[in-house]
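Trainee: Got a predicted structure here, sequence first:
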Amino acid sequence: MMRDLHFKPIVPLLLLLAFLGFWLLWKNPSHQELHATTRLAMGTLVSVSTWGATEAEDENGVNWVFSRIKEVESWASKQIPSSLVYKINHSPKGTLLEVPEELVTVVHTGLEIRNLSGGAFDPGLGYLVDLWGFGNGVAEEGKIPETQKIAAWLEERNKHHDFGIQWVKTANGGMAIQWGGFAYELDLGGIAKGYAMDLAMESLKLSGIPNALIVAGGDMIIAGSKGGKPWRIGIQHPRDHNKVMAFAEITGDMAMSTSGDYERFFMANGERQHHILDPKTGKPSRSGLISVSIQTSTSIKADALSTAVFVLGMKEGKALIEKLDGVEGMLVHENGERWKSPGFKGQWLEGS
Ligand code: ADP
Ligand code: MG
């Protein structure tokens, strides 16, 4: 009898304490292991997920991530009049402009991918991108540019065998660009986001966060794991926004970029006029590919290569992926044909 009286209230009390413990653990963010923050940057939603950091560590890391992204945007954007790329594009032909190392890195990498892809990727399509109205994100007018204007651009381009710009070493060991005119206006839209993602992940690691996933539109970069479990990612179906076409479970360092004709486009002449342009025709790429995902070690390369392979098409795109070490790809053709390289991390989703 006595025993019962003493024992009985203890059980609910223990349950209550256990519940309170769980509730506090769940309620108190410093004990949460997964943190996710989404903000608008680079014209898209950027989400940063970290695992295992305290609330304070996560906040510090995330703030650093967004300040580095803003920094890249501030010099690489073609639209911001105070940006360096804007200044370069709006200077008279032949102007010598001193540029910081980051710009040299991004333009050099862009030119490297340009060479590798036989010109399919080109960091100098600024004038053309504006002509099609994709300069400010969305082609609002939805109008095909005058044939003459495209022809004039192509003609000007064909006059030069090089890229049309010159690099000059400055007296203090820096670099300057000598600008080549309207046919070589910079547009780093197919590569700067990738570069910013690399810097973003570097910032997280330097701030003591080794496990993270950063997603910005079609680009993502991954490090470590989610508490010993892989990060799970999905690849959007190119013709159904609400559907996932493929998924992957990834642990460790990797960058992935997806380029598709569904991100920014308008319909005209019964065709999808989208934002990935073929420098050979001056028009939206008609390679037949509608989605290309590239996995490699850095986001800058993944970003530029996904655009390059998209323009190259199934046959040449495959060949480029197979030629490059440490580069894997997944390609989708409008005729239903699909291909992925043997080392590509991911599975097609059944019925997708
Ligand atoms: P997103 O910016 O939607 O992720 P991509 O990475 O595929 O898409 O890059 C497309 C952007 O790159 C375009 O909006 C344009 O600014 C630029 N661009 C378009 N065609 C090319 C090309 N052939 N080479 C390099 N950059 C390109
Ligand atoms: Mg790209």
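Mentor: Structure's in. What do you need? Numbers count the residues shown, from 1 in each chain. Ligands and ions are numbered 1, 2, ... in the order given.
Trainee: okay, CA-based contacts and neighbour counts for the rest of this
Mentor: Fine.
Trainee: shouldn't residue 301 be in contact with residue 194?
Mentor: Yes - assessed by Cα atoms under 8 Å, residue 301 is found in contact with residue 194 at 7.2 Å.
Trainee: How about the secondary structure of the nearest residue to residue 260 once chain neighbours are set aside?
Mentor: When the adjacent residues along the chain are set aside, residue 260 lies closest to residue 291, with 4.4 Å between them (Cα to Cα, 6 or more residues apart in numbering). Of the three states, residue 291 takes strand according to DSSP: H, G, I helix; E, B strand; the rest coil.
Trainee: Near ligand 2, which residues of the chain are found?
Mentor: 190, 303, 304, 307 (Cα under 5 Å from the ion).
Trainee: Of the residues you listed, keep whichever come out buried.
Mentor: 190, 303, 304, 307 (16 or more other Cα atoms under 10 Å).
Trainee: quick revisit: got the residues of the chain next to ligand 2 as CSV, with secondary structure, distance to residue 126 and pLDDT columns?
Mentor: Listed next are those as CSV, based on DSSP: H, G, I helix; E, B strand; the rest coil; distance: Cα to Cα, whole Å; pLDDT from 0 to 100:
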residue, secondary structure, distance to residue 126, pLDDT
190, coil, 11, 96
303, helix, 17, 98
304, helix, 15, 98
307, helix, 15, 98
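Trainee: Which one of these is nearest to residue 123?
Mentor: Of all these, residue 190 has the smallest distance to residue 123: 7.5 Å, by Cα to Cα.
Trainee: ok, the closest residue to the closest one other than its chain neighbours - contacts?
Mentor: Leaving aside its chain neighbours, residue 190 sits nearest to residue 304 (5.7 Å; criterion: Cα to Cα, 6+ apart). Shown in contact with residue 304 (Cα atoms under 8 Å, 6 or more residues apart in numbering): 110, 113, 121, 190, 191, 194.
Trainee: any chance of the buried ones among the residues of the chain next to ligand 2 in CSV, plus distance to ligand 1?
Mentor: CSV is the format used below for these (distance: Cα to the nearest ligand atom, whole Å):
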residue, distance to ligand 1
190, 3
303, 5
304, 6
307, 4
